[in-house]
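*Asks:* Pasting the sequence and the predicted model now:
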Amino acid sequence: MWAGLTALLISAAAAWGQSPPQKRDKLTPDLTEILSHMNKAAENLRTISANLEYTKVTVLVDDKLVQSGQLFYRKSKGTDILIDFKKPEAKTIAFRKNRGEIYNPKINQIDEYNLEGRRGLVEQFLLLGFGTETERIKKDYDLRFLKEEDLQGDITVVLDLTPLSETTRAQLTHIQLWVSEESWLPVQQKFFQPGGDYLLARYTNVKVNRPLSNAAFIIRAPKDVKRVSVN
């Protein structure tokens with residue numbers, strides 16, 4: 001279920017409904033200023049390429065799985081996303097229009113997902129803090145500013161986000177974002193599940209608004225790849 005955050009989101013998105021928003025306190029001035037910077041960064045964002053590392057920790061069995069690869073993101077008329085894992089096993093995950101695909105070269109198979117009506121929900125979590133405008137974040141989360149932190153030489157603000165939807169909290173209790181004070185984009189995300197399990201997503205060598213070709217968002221698979229419709 002945790003073969004990268006995207007697999008969790010695809011499997012859970014259908015079950016996550018909309019609950020009435022709960023009341024929350026007004027944002028503090030400092031947090032308001034932070035969100036203003038983030039909103040400007042989101043408005044100006046067109047493309048991202050980055051190295052990524054996902055660390056999934058399962059507390060009950062004291063297990064840690066580390067996956068590394070590259071992320072490509074493009075915002076034009078829609079949103080194109082491709083995550084290409086290299087280690088420990090090759091796997092490619094792509095989102096385009098209302099379609100999600102997971103390619104497993106080990107078995108030469110692409111699992112296809114119909115995301116119609118759920119694409120926005122997938123993007124909301126996968127790219128939380130990147131292309132998401134802050135008004136939408138404030139609508140869906142209770143936000144708190146935790147602290148400033150030096151993350152390997154990058155000065156960041158750490159935000160804690162608690163989903164207002166009860167159905168969402170049944171999957172993710174809260175999320176922490178480390179947002180660079182230079183780019184005002186996340187360089188790290190931490191997703192907490194009930195029971196204490198969590199996924200830590202770390203982004204390095206982030207390049208913003210560089211040209212990305214269509215080829216960057218196409219899964220490279222042989223012609224005889226097996227395609228399986230999951231939903």
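*Replies:* Great, that's in hand. Keep in mind it's a predicted model, so treat the numbers as computed, not measured. Numbering: from 1, shown residues only.
*Asks:* Tell me which helix or strand Lys190 sits in.
*Replies:* Taking DSSP states H and E as the definition, Lys190 sits inside strand 186-192.
*Asks:* helices or strands next to that strand in the packing?
*Replies:* If contacts are counted by 3 or more Cβ pairs under 8 Å, 6 or more residues apart in numbering; DSSP states H and E, strand 186-192 sits against strand 154-163, strand 174-180, strand 198-208. Using the backbone N, CA and C atoms, a C-beta is placed for each residue, glycine as well.
*Asks:* who does the second one pair up with?
*Replies:* Based on DSSP bridges, the pairing partners of strand 174-180 within the sheet are strand 154-163 (antiparallel), strand 186-192 (antiparallel).
*Asks:* quick one: average confidence on the last one?
*Replies:* Model confidence over strand 186-192 averages 94 on the pLDDT scale.
*Asks:* hey, C-alpha coordinates of it in PDB?
*Replies:* What follows is strand 186-192, C-alpha atoms only, in PDB (Å, rounded to 0.1, in the frame of the first residue of the first chain):
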ATOM      1  CA  PRO A 186       8.500  22.400   0.100                       C
ATOM      2  CA  VAL A 187      11.800  20.600   0.400                       C
ATOM      3  CA  GLN A 188      10.400  18.000   2.800                       C
ATOM      4  CA  GLN A 189       7.000  16.500   3.700                       C
ATOM      5  CA  LYS A 190       6.000  14.100   6.400                       C
ATOM      6  CA  PHE A 191       2.700  12.300   6.300                       C
ATOM      7  CA  PHE A 192       1.500  10.700   9.500                       C
END
